[in-house]
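*Asks:* Give me a 3D structure for the following:
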Amino acid sequence: MKKILILELKSVCYQSYQYFAEKLGAELEKQGCKVTFFRTAETPFEQLEQFCDASFDAVFDFNSDLPRAQMEDDSYFLDHIDAPFFDIILDHPLYHHESLKQKLSNFHVLCLDQNHRKYIENNYPHIKSVHQIFLCGEESVPCIPLKKRPIDILFTGTYTPANEVLDAIELTPSFLRKDITDLINMMSDNPTLTLESAVKQLIPDTDSLISENFPLHVSSYFLVDTYLRAHQREELIKTLVDANLPLTICGAGWDKFSLFSEKKASKITFRPEVSFQDTFALMGQAKITLNLMPLFQHGIHDRIPSSMLNHSVCVTDKTPFLEKHYTHEKELAFYNRNHLSLLPDLLTELLLKEAKAEQISECGYQYAKKYTNWNQIGKIIISLLS
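*Replies:* Predicted coordinates for the structure are as follows:
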């Protein structure tokens, strides 16, 4: 029987880390593991020291800061636990440079995107292994027939005004501000370009790009990633508002979106911010769940399998990875982020053609039940520990 320690050290918006930790632990227990949880919501952080000299087959944390923790003799705290440590990273590794650079003796990473995996392997050679996984939600009950669902189109996610990010960019040193602006333009012109590739094109063959400095360099451009995601989210919602489509939005910050003060946003419905787990019930009430990938080109965002598990038609922007694993208008429907003007017609067709939407919904559900669920996640994790 494998012994697993799962850490819940952070509380973030919507309690997503806690949800993922609880679901992972429950699934590993189903697959025969003995799981111990440490939750700072229940126990002071300092009591983590109880695990010094303990042995586990694995320790898991999400977007972890723990690799930085040191003992009084400057040794790493995690090196005092006899176990491989797995940091499950949910966004681009550039946001986690300070943790990833720590040279733990038994450091492993799980990430959501193939490009992220390659980035970590290339820039943090002390990390023993990097693997790509996916995460998902769960099936809510009862299942409402598609045509009886009260929500036509659902979008979940936090809103950060793009103008606020531009203000933050203006406060950066002039040399950095110019690079950030150039990188935003490069990646806007070529949506398939990753930030790390854009940085290499912007500053080729310089001392700043030697291997030990490159990830630090990339992390200094985090506002590029932040701005592009905020701008793309604004453009997506603006497209639906301009088309006068019925849209329900759930997430923090959308009261700041100035477009919603206009009369043409009359078909927009706001839901109060809910916990991560409660979003699955909303998906179970939605005919369509609209997804926008967060600059992932080679991975799956949890909204995709989560909406499928709840019989909601997933409509997402296309990426090379998604096109490899899904077929348009079979398990889901694709739109092109660079041609948003075509999206309203696609959504309108799915709302009007109930039989077609139901067929996609059922096919997506069957796919998710077979391939993208917590049982499959648990099997992947167990295989890594063998």
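*Asks:* alpha carbons only for contacts and neighbour counts from here, please
*Replies:* Noted.
*Asks:* Now for residue 251: which residues touch it?
*Replies:* Applying Cα atoms under 8 Å, 6 or more residues apart in numbering to residue 251 gives the contacts 156-159, 271-274.
*Asks:* One more: residue 327?
*Replies:* residue 333.
*Asks:* What distance do you get for it to residue 333?
*Replies:* Distance, residue 327 to residue 333, using Cα to Cα, to the nearest Å: 8 Å.
*Asks:* ok, now residue 48?
*Replies:* For residue 48, the distance to residue 333 (Cα to Cα) stands at 46 Å.
*Asks:* who's more crowded, these two?
*Replies:* A count of neighbours by other Cα atoms under 10 Å puts residue 333 above the other of residue 48 and residue 333, at 23 against 14.
*Asks:* measure the more buried one to residue 289 for me?
*Replies:* Applying Cα to Cα, the value for residue 333 to residue 289 is 10 Å.
*Asks:* Identify the contacts common to those two.
*Replies:* Common neighbours of residue 333 and residue 289, counting by Cα under 8 Å, 6+ apart, are 313-315.
*Asks:* residue contacts, the closest residue to residue 95 other than its chain neighbours?
*Replies:* Take residue 95 and drop its neighbours on the chain: the residue closest to it by Cα to Cα, 6 or more residues apart in numbering is residue 219, 6.3 Å away. Residue 219 makes contact with 94-95, 97, according to Cα under 8 Å, 6+ apart.
*Asks:* Scan those residues and report the most crowded one.
*Replies:* Most surrounded of the contacts of residue 219: other Cα under 10 Å gives residue 94, at 22 neighbours.
*Asks:* Output the one helix or strand residue 216 maps to in CSV with nothing but the alpha carbons.
*Replies:* Element membership for residue 216, per DSSP states H and E: helix 214-219. Only the C-alpha atoms of helix 214-219 are listed here, as CSV (Å, rounded to 0.1, in the frame of the first residue of the first chain):
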residue,chain,number,x,y,z
PHE,A,214,16.9,32.4,-19.0
PRO,A,215,14.0,31.4,-16.7
LEU,A,216,14.6,34.4,-14.5
HIS,A,217,14.5,36.5,-17.6
VAL,A,218,11.2,35.0,-18.8
SER,A,219,9.7,35.4,-15.3
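*Asks:* what packs against the helix or strand following that helix?
*Replies:* Using DSSP H and E, the helix or strand that follows helix 214-219 in sequence is helix 222-242. Counting contacts by 3 or more Cα pairs under 8 Å, 6 or more residues apart in numbering; DSSP states H and E, helix 222-242 packs against helix 162-170, helix 174-189, helix 343-352.
*Asks:* quick one: buried residues of helix 222-242?
*Replies:* 223-234, 236-241 (16 or more other Cα atoms under 10 Å).
*Asks:* ok, now stretch 146-165?
*Replies:* With burial defined by 16+ other Cα under 10 Å, the residues of stretch 146-165 counted as buried are 146, 149, 151-162, 165.
*Asks:* mind listing which of those are in helices?
*Replies:* Among the buried residues of stretch 146-165, DSSP state H puts 162, 165 in helices.
*Asks:* Any idea how many residues pack against residue 376?
*Replies:* 18.
*Asks:* what do you get for residue 43?
*Replies:* 11.
*Asks:* What values do phi and psi take at it?
*Replies:* Residue 43 has phi and psi values of phi -130, psi 140 when expressed as degrees, to the nearest 10.
*Asks:* hang on, residue 193 in a helix?
*Replies:* No: applying DSSP: H, G, I helix; E, B strand; the rest coil, one finds residue 193 to be coil, outside a helix.
*Asks:* can you map out the strands along the stretch 201-350 of the chain?
*Replies:* Assigned by DSSP state E, counting those that start in this stretch, the stretch 201-350 of the chain shows strands spanning 247-250, 268-271, 286-291, 313-317, 333-335.
*Asks:* most tightly surrounded among these?
*Replies:* Comparing the strands of the stretch 201-350 of the chain by mean neighbour count (mean count of other Cα atoms under 10 Å), strand 286-291 ranks first with a mean of 28.
*Asks:* In this structure residue 103 contacts residue 125, no?
*Replies:* No: counting by Cα atoms under 8 Å, residue 103 stays clear of residue 125, with 9.3 Å between them.
*Asks:* ranges for the helices of the stretch 1-150 of the chain?
*Replies:* 16-30, 97-100, 114-123 (DSSP state H, counting those that start in this stretch).
*Asks:* picking up where we left off before, so for the helix holding residue 216, mean pLDDT?
*Replies:* Averaging pLDDT along helix 214-219 gives 91.
*Asks:* can you name the farthest residue from the center of this structure?
*Replies:* Computed with Cα atoms, centre = their mean, the residue of the chain farthest from its C-alpha average is residue 73, at 36.2 Å.
*Asks:* Quick one: residues contacting residue 196.
*Replies:* residue 218.
*Asks:* So which bits of the one helix or strand it maps to are buried?
*Replies:* Assigned by DSSP H and E, residue 196 belongs to helix 195-202. By 16+ other Cα under 10 Å, the buried positions in helix 195-202 come out as 195-196, 198-199.
*Asks:* And those residues, which is closest to residue 267?
*Replies:* residue 195 (35.9 Å; Cα to Cα).
*Asks:* Cool, thanks, talk later.
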